[in-house]
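Student: Next one to model:
(2 chains)
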Amino acid sequence: MFTYTLRRLLFAIPTLLIISFVIFALLDLAPNDPTGDLPLTIPPEVREQIRASLGLDQPFFFRYLYWLQQFFINEPLNILERMTGWQFGDGNRMRVLSWATRSPVVDLIVQRLPQTLWVVGLAYLFGVLIAVPIGVISAYKQYSIFDQIGTFLSMVGYSVPTFFTGVLLVVIFSSYLQWFPSVYDTNLVVNDFSSFFQQIKQMALPVTVLSLFNASQITRFVRASMLDNLHQDYVRTARAKGVKEKSVLLVHVLRNSLIPVVTVIALGVPTIFSGAIITEQIFRVNGLGQLLIIAVQGADIPLVQTLTFIFAVLIVLFNLIADVLYGILDPRIRYD
Amino acid sequence: MKNLKLLLAGTVAALAFAGSAAYAARGTDGDLKILFWQAVSTMNPYLSGGTKEVYASSMVIEPLARYDEKGALVPTLVTEIPTVENGGVAKDLMSMTWKIKPGVKWSDGTPFTADDVIFTWKYCIAPDGGCAQAAQYEGVKSVEAPDPQTVKITFTEPKPYPYSAFVGAQSPVIQKKQFENCVGAKAPGCTSANFGPIGTGPFVVKEFKPNDVITLTANTNYRDAAKPAFASVTLKGGGDAASAARAVLETGEYDYAWNMQVEPEILAKMVAAGKGKLETAFGTQVERINLNHYNADPSLGAKRSTKEAGPHPSLSDPAVRRALSLAIDRSIIVEAGYGAAGKATCNIVPAPAAVASTKNDSWCLKQDIAAANKLLDDAGWKKGADGIRAKNGVKLSYLYATSTNSVRQATQELVKDMWSQIGVGAELRNASASVFFGGDPASPDTFQKFYADVEMYTNNFDGTDPEKYLAEWLCDKVPGPANGWQGQNIPRYCNPAYDKLVGELSKTAELDKRAALAKQLNDMLTEEGAHIPLVHRGSVSSHSLKLAGVKMNAWDSELWNIAAWSRGK
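Tutor: Okay, the predicted model is just below:
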């Protein structure tokens, strides 16, 4: 297992390098321009100077190498310095700077990560907690009323896009009933009961929208996997032995059914970090998804490049984690 | 005891009275919540020329003078506006002198001096800085300080209209002490200064979360002791225009929201909720259709829309250009897409009133399909079997490009329908705004390349003087491969008589004569069909009914008088 993991990690290095190059090339080829959003009253020669000050007048390959140096050498050294208080060199290294804000990209990400983890992460957690019991009951009582309703709801949740459910909830609960705020207050500090309540209130709508979406996806997996196992020979054997139905279901079937589900859940974790772009935008949650979409719209290439690359790292990493988990959970599977 | 009570009651009453008399005491009205649906990226307008950044920073840093809601110059940090009459502008128009108000302080308590003004100029013209507002300082030879309260600006050539540097929200004064080590290539590195500039304005940045939210508090050193009425401002960013409108007009969560680019009927429904109202101000924005004077046939490849391609086969005919304009019913376009935020216009310089021409309104503002058809018939353009007119194998069928935006696409459909009534076909196309306006010379879809027969967008000019704007239609400003497609004469209009008249304008100082010349230039462009002006666009913002003092301004930052805003009763 250990050598397998090590081998996979080593393989990841060239993979990620290629990914970073492809992202950089794609962004460079895209007909986007950081001065595109500026008012037309700013004359062309000034725009040219702005582009030059962003380094856009340099050749493509040079800019790529420069980004590699900034991202793989300067930024890690910076983080290390901040964590340990040691000083490497003169500490005056060029960091990856966002073009729109002219501030270090990593600082922007650090600032936004907590909101995304809270809102999107919580929605993922709720999604899983809702999905597993519904999936189990749906499968055990296949074609019952409960199953029909569950299937219907998960189909609705799966096929209705979040930009629709999000706006629908805002119209009902914010505009009409006025129960919840429609704008997420990112300055809210939770320090007492009332501010905690406030935080719950403002998280309610985005978390609901995303939980519904996540739960409907995972329910389908749980149900299908449960159905696969319910018809296996070992289930019949257990029942024949006189094992209690509760133990058959929750110990024998559920445990075996969860193996593929755990993999699916692990593979879905990177999407928490990439945020829910649309939902964050609707509720104005200052998460990573919103950061990415603003960067894409404003052609803030260093920010888009760095964010997408970090997502790529997470996807590669969680693929590995899913594979390793699979081996740990299922003794029949061995990689070495 | 009874007396004491009476005395106390009297004191309370007196205090209450005093309170209401000085009703705009600083910081009494709590938090002002503003919503910008495009989030603010930085508080330094010299590093980002975006409107949202300019507006947000105008609460903190100020220019020497600004425009009021009527477009008149008002002194901000100076005692008066220099003119030739009061001796502030030299008779030869080569220099001007500003007198700084005594006692103005930066928010950190240090005095504001002419040194800071000089530094601001040096900061913006420093090489490698990529200063977004460099155009404001064009033609400035030097900025000097004869004494700490006086700023003298010398120009490279006579400037009939000298109000550009340090005037308006685009060129505010920044503090020398704070930005001293941030000049040129070092500018982007000064993150904390760029996010929290020290200013002379009514508010001070307390916390800046880039692309998200800005928290500001009242400036304790603000020059008017009674202002601002609000103790703090929260400027939230992000989302979309419709939901921003909803947050002010329907849910009342916010006091003010900027740039309500929402379909008029949706806005009307929201206003009916009774929590807020809309404010519109008309500046110089005009939505226009540019007519390509060069051939844009795709078979010409890289040569299209350049001089080598030759004149446009049909749009070079003045009759066709006039007919295209006559066929358009501007009032329908305004009604469908702009509502109160638009007025039909035939001018490219629609405001201020002194320079707005009315000469062409009689024939141009009204749709006249019959006259348009007659013009084309007389010019020999005959309708074919498909209903499209043609002459000598050249069809009146146009590629019509614009940026992606629901109002623009709706307008495209309307215009296409109107043109079909005079036998003109149109193929509609749209490109994402960041591509269309991006100016990437490698992209075929930019408005500068103009690889289309007609294209539609909005442009305007800063301030109230149209000289620089009218100079965009000069022959030598035509974009092409030679200048990297960097020219502002997008329709590729070229008329030596026009060029001569622009030269005259740049030498004329009397305001009346300047206005007459500007009108004449504007009329030439409309009459000769350089473009078809469609809609004079206003900026629309919404605010809560409880917010008092908002004076919507299209000539400067919308937040220009935020110091005077208060929470109404």
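Student: Show the contacting residues for the residue of the stretch 1-150 of chain A found nearest chain B.
Tutor: Per CB to the nearest CB, A:S53 is where the stretch 1-150 of chain A lies closest to chain B, at 2.5 Å. C-beta here means a position set from N, CA and C on the backbone, and glycine is covered the same way. Residues in contact with A:S53 (CB atoms under 8 Å, 6 or more residues apart in numbering or on different chains) are B:D128, B:G129, B:G130, B:A185, B:A187, B:P188.
Student: now residue 60, nearest residue through space, not along the chain?
Tutor: Since no chain was named, I'll use chain A. Closest residue in space to A:F60, ignoring its immediate chain neighbours: A:D28 at 5.7 Å, by CB to CB, 6 or more residues apart in numbering or on different chains.
Student: ah, I was thinking of chain B
Tutor: Nearest non-adjacent residue to B:V60, counting by CB to CB, 6+ apart: B:G199, 4.0 Å away.
Student: In this structure the one you found contacts B:S58, no?
Tutor: No. In this structure B:G199 lies outside contact range of B:S58 using CB atoms under 8 Å: 9.4 Å.
Student: and chain A, which of the contacts of A:S53 contact it?
Tutor: Filtering those for neighbours of chain A using CB under 8 Å from any CB of the partner chain leaves B:D128, B:G129, B:G130, B:A185, B:A187, B:P188.
Student: Once you drop chain neighbours, what's closest to the last one?
Tutor: Read it as B:P188. A:R102 (3.9 Å).
Student: cool, the fifth one as well?
Tutor: The shortest distance from B:A187 to any residue other than its chain neighbours is 5.0 Å, reached at B:G129 (CB to CB, 6+ apart).
Student: what sits against that neighbour?
Tutor: By CB under 8 Å, 6+ apart, the contact set of B:G129 is A:S53, B:Y46, B:Y123, B:V183, B:G184, B:A185, B:A187.
Student: again, but for B:A90
Tutor: B:V84, B:M96.
Student: And the pLDDT for it?
Tutor: For B:A90, the model assigns a pLDDT of 94.
Student: Check A:N78 too.
Tutor: As predicted, A:N78 sits at a pLDDT of 83.
Student: How about the secondary structure of it?
Tutor: Here A:N78 takes the helix state, with states given by DSSP: H, G, I helix; E, B strand; the rest coil.
Student: Repeat that for A:Y326.
Tutor: helix.
Student: That one and A:T3: what is the separation?
Tutor: A:Y326 sits 17 Å away from A:T3, going by CB to CB, to the nearest Å.
Student: re earlier: what about the residue nearest to B:V60, how many residues nearby?
Tutor: Using other CB atoms under 10 Å in any protein chain shown, B:G199 has 27 neighbouring residues.
Student: Show the contacting residues for it.
Tutor: B:S57, B:V60, B:I61, B:E62, B:W106, B:S107, B:P172, B:I174, B:Q175, B:N219.
Student: can you list contacts of stretch A:97-104?
Tutor: By CB under 8 Å, 6+ apart, the list of residues contacting stretch A:97-104 reads A:34, A:54, A:95-96, A:105, A:108, A:294-295, A:298-303, B:41-42, B:44, B:47-48, B:187-189, B:191, B:194-195, B:210-211.
Student: Strands along the stretch 301-450 of chain B, start to end?
Tutor: According to DSSP state E, counting those that start in this stretch, the stretch 301-450 of chain B carries its strands in the segments B:342-344, B:382-383, B:389-391, B:394-395, B:397-403, B:425-431.
Student: nearest to chain A, of those?
Tutor: Distance to chain A, taken as CB to the nearest CB, is lowest for strand B:425-431 among the strands of the stretch 301-450 of chain B, at 8.4 Å.
Student: CA-only coordinates of that closest one in PDB, if you can.
Tutor: Extracted in PDB, the C-alpha atoms of strand B:425-431 (Å, rounded to 0.1, in the frame of the first residue of the first chain):
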ATOM      1  CA  GLY B 425     -31.300  42.300 -43.900                       C
ATOM      2  CA  ALA B 426     -29.200  41.800 -40.800                       C
ATOM      3  CA  GLU B 427     -27.300  38.900 -39.300                       C
ATOM      4  CA  LEU B 428     -27.100  39.300 -35.600                       C
ATOM      5  CA  ARG B 429     -23.900  38.400 -33.600                       C
ATOM      6  CA  ASN B 430     -22.700  39.100 -30.100                       C
ATOM      7  CA  ALA B 431     -19.500  38.600 -28.300                       C
END
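Student: rewinding a little: between the contacts of B:G129, which has the most around it?
Tutor: B:Y46 (28 neighbours).
Student: which one is it nearest to, not counting chain neighbours?
Tutor: Nearest non-adjacent residue to B:Y46, counting by CB to CB, 6+ apart: B:C131, 5.0 Å away.
Student: got it, and B:S164?
Tutor: Closest to B:S164 by CB to CB, 6+ apart is B:Q136, at 5.3 Å.
Student: I'd say that neighbour and B:Q170 touch.
Tutor: Yes. Between B:Q136 and B:Q170 there is a contact under CB under 8 Å: 5.6 Å.
Student: joint contacts of these two?
Tutor: B:D462.
Student: For the stretch 1-150 of chain A, which residues score under the pLDDT cut-off?
Tutor: Filtered on pLDDT under 70, the stretch 1-150 of chain A yields the residue ranges A:89-92.
Student: How about the residues of it by chain B?
Tutor: A:31-33, A:35-54, A:97-98, A:100-104, A:107-108, A:111-112.
Student: Helices - which of these land there?
Tutor: A:44-53, A:107-108, A:111-112 (DSSP state H).
Student: Which of the residues you listed are buried, as a ChimeraX select command?
Tutor: This is how ChimeraX selects the buried members of those, with burial counted by 16 or more other CB atoms under 10 Å in any protein chain shown:
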select /A:44,46,47,48,49,50,51,53,107,108,111,112
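Student: Where is the longest helix in chain A?
Tutor: Longest helix in chain A, counting residues (DSSP H): helix A:193-230.
Student: do that helix and chain B meet?
Tutor: No. Using CB under 8 Å from any CB, we find that helix A:193-230 stays clear of chain B, coming within 10.7 Å at best.
Student: Now do that helix: distance to the chain's middle.
Tutor: Relative to its chain's centre, helix A:193-230 lies at 14 Å (CA atoms, centre = their mean, to the nearest Å).
Student: Cheers, nothing more for now.
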